[in-house]
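Undergrad: build me a model:
(one chain, ligands or ions: 1)
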Amino acid sequence: MAAGARVDLSDAIRAALTETGALGATVRQLASQLDDRPGHVEAVLAELHDQGRVLRMGRGLWMLRDYERLAERPDFVDPEEFVERFEHESGVRLGRYTGPITFRSNERLPVHRWWPYVQGFSADFVRGILDTHAVDQGTVLDPFAGSGTTLVEARRAGWRAWGTELLAPAVLAARVKTDFELDPASLARAGDRMLRRAARRTSSGALPFLRETRRQFSPRALAELLCLRDALPVGDRPVDRALRLAFGRVLIPASRLHRSPCLGYGRRTDSAAPSPTERFRAAVAEMGDDLRTLGSSRPGWGPRARVAARDARDGRWPADSVDLAITSPPYVNGMDYVMNYKVDLAWLGYVRSYRELAQLRAAEVACDNLPRAETARYLDPAIAPDPWLPEILERIRDNVRRKGTYRRDDMHGIVHRYFADLVPVLRGVRAALGPGGRFVLVVGDSLIAGAYIPGDLLLARVATRQGFSIESVEVARSRRSGQRRSFALRETVVTLRRT
Ligand SMILES: C[S@@+](CC[C@H](N)C(=O)[O-])C[C@H]1O[C@@H](n2cnc3c(N)ncnc32)[C@H](O)[C@@H]1O
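TA: Residues are numbered from 1 along each chain as shown. Sure, this is the predicted structure:
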């Protein structure tokens, strides 16, 4: 490339990056916009980088150094500004929650470790909330029950525990984990029988419908997993469900995938790693050990938990029947649970086609994989369920328009729909709670398309229109934005009170 052409391209790249602002652009996007070869664009970006004019964020997103600090942009409303507004308008000052909050602290805990759910919260956190709001023979509800952290701890502490959850493998985990009566000896026998059945199998059954199954597993692991799957009991007795859970737990560790927290390729195959069968045997043995440990606290258990495989937005529970609700809803555009657990869904036979996968996704609380038709009614920011939202939604919409190419052009509709999705859940929990009952939520904020979204404060505000008062908002920890690693987000405990 001639020197003049390089200067022109350098100017053109800087102009394009000024336009995309804090959203940045990839080499491919710039090349297509400037009608040049990606190799040229990359070379010029490298020069600009050496001159300290541009920087590379995360996985290949380039932006002008001027936009490094979002807070320096005139149109950026930063987290502190929202906090001040919130405190002023609600009269509630943000506090601090100290103590564990993430699932990591559960990974070695009996029962909780049966199905490591990265998206779950801490058992100690739940225990603390239960102790703080203790009610004799009370009832606890978790509308987004996930793997059942709330339900396990509630039952262990003597509460009646109710939950709803959409994701079938999580429902399975919650049901098995709250089935404290499961006999460890029967489980061990059923596990042995299943392994004998699997060993006798000579041919493998059909692959799950996912197109990339062969890429996800080594041929050896795949063959072994198919034999295990086909040897699973077909019934729905507690012991059958437990074996299904143990099998589900083996899938990702036995694959070339990892979940950290999103599903992706990258696990190195280690010839010394345990085989799927060894992993399965270890999982069943661990369940047995934990059930024996649990048995010693039997007199204190609450009644059997109820876990409904249902959309939390349709949740109808008897009025005034619940003393305390604890949950962690999906975060604003935080995670597509269905896609993240598609391997489990497919192998366990809960979903049998891409069509069914799409149907399930449409029922999830909104995230950016939501089918486009589902945002059509949410494209008008003016009708959003909180007065703060129109301005935020317009900012997202304008940022996406300015950038020209973004993952989707209806991002503001997705964020709008997220809060709209939470309204019926709040309403349902409100109706179920007795007077003065608390609803404790762990929720996070987000950065989307270069706009900051105080998801925790917005949720608290939306709740005040559904018959709650805000009792406290406590920041529990900070976490990194997926979109921009240098931007600190937070995780917050919001406590609402039924008015
Ligand atoms: C943050 S996780 C909850 C994790 C849980 N606290 C635990 O410790 O395992 C949020 C959950 O909401 C579920 N979810 C998403 N949309 C839902 C809906 N419409 N109805 C019920 N559950 C839903 C997801 O599948 C996910 O399990």
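
Undergrad: interface residues of the stretch 1-150 of the chain facing the ligand?
TA: Contact residues (Cβ under 6 Å from any ligand atom) of the stretch 1-150 of the chain with the ligand: Tyr117, Gln119, Gly120, Phe121, Phe144, Gly146, Ser147, Thr149. For every residue, glycine as well, the C-beta is placed using N, CA and C.

Undergrad: now the last one: how far from Asp368?
TA: According to Cβ to Cβ, to the nearest Å, Thr149 stands 26 Å off from Asp368.

Undergrad: what about the two, which has more around it?
TA: Thr149 (30 against 18; other Cβ atoms under 10 Å).

Undergrad: in contact with the residue nearest the centre of the chain, which residues?
TA: By Cα atoms, centre = their mean, the mean C-alpha position of the chain lies nearest to Met335, the distance being 4.2 Å. Residues near Met335 by Cβ atoms under 8 Å, 6 or more residues apart in numbering: Gln119, Pro261, Cys262, Cys367.

Undergrad: against the ligand, how distant is Pro387?
TA: As judged by Cβ to the nearest ligand atom, to the nearest Å, Pro387 and the ligand stand 25 Å apart.

Undergrad: same question, Arg477
TA: Taken as Cβ to the nearest ligand atom, the span from Arg477 to the ligand is 15 Å.

Undergrad: strands of the stretch 101-250 of the chain, start to end?
TA: Assigned by DSSP state E, counting those that start in this stretch, the strands in the stretch 101-250 of the chain fall at 139-142, 160-165.

Undergrad: tell me which element Leu496 is part of?
TA: If you go by DSSP states H and E, Leu496 is part of strand 488-498.

Undergrad: who does that strand pair up with?
TA: Strand 488-498 pairs in its sheet with strand 433-444 (antiparallel), strand 468-480 (antiparallel), by DSSP bridges.

Undergrad: mean neighbour count and distance to Val493 added to the ones you listed, as a markdown table?
TA: Shown next, in a markdown table, are the strands paired with strand 488-498 (neighbours: other Cβ atoms under 10 Å; distance: least, Cβ to Cβ, whole Å):
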| stretch | mean neighbour count | distance to Val493 |
| --- | --- | --- |
| strand 433-444 | 20 | 6 |
| strand 468-480 | 17 | 5 |
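
Undergrad: among those strands, which comes closest to Leu109?
TA: Closest approach to Leu109 among these (Cβ to Cβ): strand 433-444, 17.5 Å.

Undergrad: give me the residues contacting the helix or strand of the chain with the lowest mean pLDDT.
TA: In the chain, no helix or strand scores lower on mean pLDDT, DSSP states H and E than helix 3-20, which sits at a mean of 78. Residues outside helix 3-20 that contact it (Cβ under 8 Å, 6+ apart): 1, 24-25, 30, 33-34, 36, 40-41, 44-45, 47-48, 53-54, 62-64, 67, 402-404.

Undergrad: buried subset of those?
TA: Buried members of these, scored by 16 or more other Cβ atoms under 10 Å, are 24-25, 30, 33-34, 36, 40-41, 44-45, 48, 53-54, 62-64, 67, 403.

Undergrad: which ones among those residues lie within strands?
TA: Among the buried ones among the contacts of helix 3-20, the members found in strands (DSSP state E) are Val54, Trp62, Met63, Leu64.

Undergrad: quick check: buried residues in stretch 234-243?
TA: Residues of stretch 234-243 classed as buried: Pro238, Val239, Asp240, Arg241, Ala242, Leu243 (neighbour count, 16+ other Cβ under 10 Å).

Undergrad: an error on my part: the question was meant for stretch 246-262.
TA: 246-257, 259.

Undergrad: farthest pair within those?
TA: Ala246 and Arg256 (20.9 Å).

Undergrad: pull the distance from stretch 185-197 to the chain's centre.
TA: Here the centre of stretch 185-197 is set off from its chain's centre by 33 Å, with Cα atoms, centre = their mean, to the nearest Å.

Undergrad: please apply the same query to stretch 379-394.
TA: 24 Å.

Undergrad: how about residues contacting that stretch?
TA: 77, 82, 85, 397, 410, 412-413, 415-416, 419-420, 423, 451, 453-454, 458, 461-462, 465.

Undergrad: repeat the analysis, applying 7 Å as the threshold.
TA: Applying Cβ atoms under 7 Å, 6 or more residues apart in numbering, the contact partners of stretch 379-394 are 410, 412-413, 415-416, 419-420, 423, 451, 453, 458, 461-462, 465.
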